[in-house]
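S.K.: I need the structure of the sequence given here:
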Amino acid sequence: MPPLAAPDFRLLFDSSLSPLLVLGPDFTIVEVNRAYLAATRTERTIVGRRIFDVFPDNPDDPSADGVANLRRSLESVVATGRKDIMALQRYDIPTGEAGGFAERYWSPVNSPVLDAEGRVTHIIHRVEDVTDFVHLRRVGREQERAAAEAQMRAEGMEIDLFVRAREIREVNEQLSRANAELDAAGRQLREEQRAKDRFIATLSHELRNPLAAACAAVELLALDLPDGGRPALAVLERQLGTLVRMSNDLLDGTRALTGRLELVSERVDVRSVVEGACADIRSLFGHGERVLQVTLPDRPVVIDGDRLRLAQVLTNLLSNALKYTPPGGRTEVRLTVEDQQARLTVRDDGIGFQPARAEDLFGVFVRVAPAGPNTPEGLGLGLAVARTVVELHGGRIGADSEGPGKGATFTVLLPRADQAAPEPVRPSAPPHSPRRLAILIVEDNTDLAATYRTLLERQGHQVTAVHTGADALTATESDVFDVVLCDLGLPDTDGYTVARTVRARPHGDRPRLIAVSGFSQGIDRSLSRTAGFDAHLAKPLPLTDLFDLLERLE
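M.R.: Numbers count the residues shown, from 1 in each chain. Take a look at the predicted model:
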């Protein structure tokens, strides 16, 4: 075969399908192929001219940066002697019409041509017109063609993908560290929550024991006192009942401040609530010659509500007035009927407050009095609890003042009872057990044990009282009891152990085991059921509840 003729490189260059432009180091156009002329809609007359004179930026587009980006790339090639792959670039081209430009997108690659000494003699500027791809991507059409065009730019996108992958990896590492910190913070928070629960449980037990003894003693006094002592006993019962319920709210964890209080509703004449609350606190107003004036209507003002809770509202309002009214001041309580509502107003001539802060008064732990040595004591919970109670009754409470030093007015609105509706069911009186029961009391508080014993014996029951877990196990081993009332926090062991031991004995299923304890949270009740208790009653224990339970256990 005859040897092949040498190729015509100019012809090859001109026949290349890729648009090619050859530039000098000063960016003068040295040569151009037909594909480039077709892509840019120019002619060979551009040869010999500087590229930026042929292709300037669109003067009508202030964001045009094609010239700056291309110049930066070409200067990099001349300076380094290395190829530069440009990112996808918008570079509009003149249309030939007066001042007209056509929108174009390009994928440029600038490659150096080096002489024997490594100097850049020329730059091969290769571009691909990707305008159609950009337009297709913009409107979301022809995904297959978009993928094919994207493949053509893969070399330029590879670097960008690498950078983005690294950024994502760094973000993931940051998220991992943040998650680890959140886990640690969560563990610490859970431990603090458990510590708080342990503290509340212990506090509950320590407070409820003396309260239980006091409540039982009052019930015992009710059996012994002649009728002449009844007024004082009524005050004791009312105030001790309020103290017990308020203590329960505090120990059960913000029920009063989250609207989870339970109401014991009955048909109530609000006048009697006002009279009782004012009678209980009137002596305090006598200190410092303060005056408490009460104005009540002649006719009953009846609502369906919780008598103790409503008294608590008025007591809190009167306590507030007492704190912020100077000696010689005056507080007026007025009850009226307005638009089928009971309207209770407590007005004082005390220190007052800024009108804009009226709503703030009902916040938790909020006190508007300026700090100082004469600031009244208190936690700032009374008004918040009052609002909760009023709203649970379907009512509203608000405050008003003309400014500091001009007194304050608190207004409570409560819906009146529908006289046609049936009256709410009230708790029944303590039932008397129809038969005599053998009862064992296991209680380390000797006062409380003795009082419970006396009350139950007066009901006709045979009662034994012990004060330790060991004595309880000894007593139940030698005698068979119908009912065992067992405290959970005993000095030598706990009530759970007593219950489990009793249940494990022959005939251990006979006695009815009742846990009576200040530990009365959900976990405590669950543990008592597991240990074998039939019921779990919280201290202080109303005898109504105990007698009712004894009757049901039979």
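S.K.: got the residue ranges for the strands in the stretch 51-200 of the chain?
M.R.: 84-85, 89-90, 93-94, 101-102, 105-106, 109-114, 120-126 (DSSP state E, counting those that start in this stretch).
S.K.: quick one: closest of those strands to Ser283.
M.R.: Closest to Ser283 of the strands of the stretch 51-200 of the chain is strand 89-90 (Cβ to Cβ; 88.5 Å). Any C-beta I mention is one placed from the backbone N, CA and C, and that applies to glycine too.
S.K.: strand partners of that closest one, parallel vs antiparallel please.
M.R.: Take DSSP bridges as the rule and strand 89-90 pairs in its sheet with strand 105-106 (antiparallel).
S.K.: average pLDDT for the partner strand?
M.R.: Per-residue pLDDT values over strand 105-106 give a mean of 90.
S.K.: can you list contacts of that strand?
M.R.: For strand 105-106, contacts defined as Cβ atoms under 8 Å, 6 or more residues apart in numbering pick out Leu88, Gln89, Arg90, Tyr91, Val127, Glu128, Asp129, Val130, Thr131, Phe133, Val134.
S.K.: phi and psi next, for Gly403.
M.R.: Per-residue torsions, Gly403: phi 140, psi 170 (degrees, to the nearest 10).
S.K.: verify the stated contact: it with Gln354.
M.R.: Yes - between Gly403 and Gln354 there is a contact under Cβ atoms under 8 Å: 6.6 Å.
S.K.: follow-up on the earlier one: how about the strands of the stretch 51-200 of the chain, which one is nearest Val466?
M.R.: Nearest to Val466, of all these, is strand 84-85, at 92.3 Å by Cβ to Cβ.
S.K.: and the closest one, how far from the chain's centre?
M.R.: Mean-position distance between strand 84-85 and its chain equals 55 Å (Cα atoms, centre = their mean, to the nearest Å).
S.K.: in the stretch 251-400 of the chain, where is pLDDT below threshold?
M.R.: The stretch 251-400 of the chain contains residues with pLDDT under 70 at 251-261, 364-381.
S.K.: same thing but 50
M.R.: Where the stretch 251-400 of the chain drops to pLDDT under 50, the residues are 252-253, 258, 371-373, 375.
S.K.: one more: the stretch 1-150 of the chain?
M.R.: Within the stretch 1-150 of the chain, no stretch has pLDDT under 50.
S.K.: can you pull out the helices in it?
M.R.: For the stretch 1-150 of the chain, the helices defined by DSSP state H, counting those that start in this stretch occupy 9-15, 34-40, 51-54, 66-80, 131-139, 143-152.
S.K.: so of the ones you listed, which one's packed in deepest?
M.R.: The highest average neighbour count among the helices of the stretch 1-150 of the chain, using mean count of other Cβ atoms under 10 Å, belongs to helix 34-40 at a mean of 18.
S.K.: check which helices and strands that helix sits against.
M.R.: If you count contacts as 3 or more Cβ pairs under 8 Å, 6 or more residues apart in numbering; DSSP states H and E, helix 34-40 packs onto strand 20-23.
S.K.: which strands and helices lie in contact with the strand it packs on?
M.R.: Using 3+ Cβ pairs under 8 Å, 6+ apart: strand 20-23 touches strand 29-32, helix 34-40, strand 120-126.
S.K.: out of those, which comes closest to Arg503?
M.R.: strand 120-126 (91.3 Å).
S.K.: in its sheet, which strands sit next to that closest one, and in what direction?
M.R.: Next to strand 120-126 in the sheet, as set by DSSP bridges, lie strand 20-23 (antiparallel), strand 109-114 (antiparallel).
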